[in-house]
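Novice: kindly return the folded structure for what I paste below:
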Amino acid sequence: MKFSLLLAMLAVLVGCSAVGVVGSSDPAVKLQQAEELWARQGRFTPAKQLISDALAIYQQRGDEIGIADTYRIFAFYYRADISKFGRPVLVPDDFVAPNRYQLSMDYFRKALEIYERREEDGMASNVYMSMGQNYAAIFSDKPEACRMFDLSLAANRKWIATHPDAKVNLPPGINSFEELIARGKREIPCT
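Specialist: Model (predicted):
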């Protein structure tokens with residue numbers, strides 16, 4: 001009796017990429033679950049598996065935007081702050097600085113290439129800004145950070161021109177994307 005219960009539990013776990021996560025065949029759901037795992041729970045290894053699973057599905061479908069979205073999520077994953085958990089967390093072998101920060105930039109570049117080719121200027125704007133944050137905070141390359149912020153603003157303006165009713169998600173207290181970029185450039189500081 002106990003053995004059959006153990007087998008049943010094992011069968012349920014095998015269907016999931018991570019213990020305690022409901023399995024899904026939807027790659028967008030897998031990406032949301034992955035972000036929850038690493039950003040809020042510090043469970044980096046199962047999060048990486050979910051992201052990899054989502055990428056495989058998007059690649060099988062030939063969904064370029066899905067692939068770009070997954071690359072972007074991988075970029076955020078590799079730049080995640082593990083110190084915020086206040087406890088040791090298990091991470092995959094490739095999650096070692098400075099390699100992981102370079103992986104973050106590589107994934108941002110891969111996502112950006114697709115977004116630009118597909119004229120997804122709103123997402124390109126986000127990636128440029130994120131790359132600028134990496135250059136400023138991680139690589140201490142102020143000129144490149146400032147250049148990325150300028151490219152982000154240009155891509156955002158292009159996107160708004162073709163999507164005039166679109167709304168950009170902004171942090172509290174920020175009234176426009178221009179203000180967000182200006183604040184980022186002041187913090188670096190850009191000359």
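
Novice: pLDDT score for Val22?
Specialist: Confidence at Val22, expressed as pLDDT, is 67.

Novice: can you list the domain ranges for the protein.
Specialist: As given by automatic domain parsing, the domain ranges for the chain are 19-118, 119-191.

Novice: how far does stretch 31-41 stretch from one end to the other?
Specialist: End-to-end distance of stretch 31-41 (Cα to Cα, to the nearest Å): 15 Å.

Novice: quick one: name whatever helix or strand follows the top helix by length along the chain.
Specialist: When the chain is parsed with DSSP state H, its longest helix is helix 142-162. Going down the chain from helix 142-162, the next helix or strand is helix 177-187, by DSSP states H and E.

Novice: pLDDT on that next one, on average?
Specialist: For helix 177-187, mean pLDDT is 96.

Novice: list the contacts of that helix.
Specialist: Identification of contacts with helix 177-187 by Cβ atoms under 8 Å, 6 or more residues apart in numbering yields 125, 129, 132-133, 136, 146, 149, 152-153, 156, 160, 168, 170-171, 174. C-beta here means a position set from N, CA and C on the backbone, and glycine is covered the same way.

Novice: so, low pLDDT: which residues of this structure?
Specialist: Within the chain, the ranges that satisfy pLDDT under 70 run 1-22.

Novice: sec struct for the residue most central in space within the chain, please.
Specialist: Geometric centre of the chain, nearest residue: Ile73, 2.5 Å, by Cα atoms, centre = their mean. Classification of Ile73 by DSSP: H, G, I helix; E, B strand; the rest coil places it in helix.

Novice: count of residues packed around the residue nearest to it when sequence neighbours are not counted?
Specialist: Nearest residue to Ile73, sequence neighbours excluded (Cβ to Cβ, 6 or more residues apart in numbering): Leu31, at 5.2 Å. Other residues lying near Leu31 total 24 when counted by other Cβ atoms under 10 Å.

Novice: I'd say Leu31 and Ala54 touch.
Specialist: Yes - applying Cβ atoms under 8 Å, one finds Leu31 in contact with Ala54, separated by 5.1 Å.

Novice: joint contacts of the two?
Specialist: Residues touching both Leu31 and Ala54 (Cβ under 8 Å, 6+ apart): Thr70, Ile73.
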